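[1] next input, structure requested:
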Amino acid sequence: MELQLPQLAVYSYNNGGRVLLTQKRKMMFLLCLFVSLALGRILFPFGLLALIFPAMVYFGGARTLKIGARYLICADRIVYYSSVKRLIYSEAEGVLTLKSGQKVEFVIERNRFRKKASRAADFNAVVNDLIEKVRLVAPDALLPEEVESSEIED
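    Coordinates of the predicted model:
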C-alpha cells in the first residue's frame, strides 16, 4: 500500500522569505560544506572560493506558492483555509489578503509571480482558486463589498 501525497497546485512565486529546506537539500548542503572546507584547508586561500557551492545549495531553492485542498504553503508559512477570518481582494492593486487570528496577515501580490508572460493569468488563477476554497471551508470570510451590502440590510 503506497502513501498518496496530496496534489498541490504549484506556482513560481517570489515570496521574499527564506527557502524551504527539505531533507535532501540539507544533506546536500552538509556534503558541499564538508568538501568545500576540506578544499579550503588544502588549497588555502584559493580553496575558500569553494564555499560558494554550499551557499548556492542553501539559497538556490525554488520559491513557490503551493495551493492544496485545505491549506496553502508559501516559504515557511502554512495558511489553513478554515482559520481565515477575512478575505480581501483588490483587483486594481493586484493584491489578495488572507486575514486570520494572527497579527501578521498573508498577502499575495500580482507582481511577485516570477514569470512575466503569465503573471496576470497565474495571479487570477490563484485568486479564483483561493476564493473558492476559502468559501467552502469558511463561508463567513466575506469580501469587503459583501460586508457593506450585508450591513445595509441589517
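[2] let me see the ranges of the helices in this structure.
    Under the criterion DSSP state H, helices of the chain are mapped to 23-42, 52-59, 119-137, 144-153.
[3] ok, which of those comes nearest Gly16?
    Gly16 lies closest, by Cβ to Cβ, to one member of those: helix 52-59, at 13.2 Å. C-beta: built from backbone N, CA, C; applies to glycine.
[4] which residues does that closest one contact?
    Applying Cβ atoms under 8 Å, 6 or more residues apart in numbering, the contact partners of helix 52-59 are 19, 21, 25, 28-29, 32-33, 35-36.
[5] what about 6 Å?
    Contact with helix 52-59 is made by 28-29, 32-33, 36, as judged by Cβ atoms under 6 Å, 6 or more residues apart in numbering.
[6] dump it to PDB, keeping only the CA atoms.
    Extracted in PDB, the C-alpha atoms of helix 52-59 (Å, rounded to 0.1, in the frame of the first residue of the first chain):
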ATOM      1  CA  ILE A  52      30.200  29.400  -3.000                       C
ATOM      2  CA  PHE A  53      28.800  25.900  -3.700                       C
ATOM      3  CA  PRO A  54      27.200  25.400  -0.200                       C
ATOM      4  CA  ALA A  55      25.800  28.900  -0.400                       C
ATOM      5  CA  MET A  56      24.200  28.200  -3.800                       C
ATOM      6  CA  VAL A  57      22.600  25.000  -2.400                       C
ATOM      7  CA  TYR A  58      21.300  26.800   0.700                       C
ATOM      8  CA  PHE A  59      19.900  29.900  -1.100                       C
END
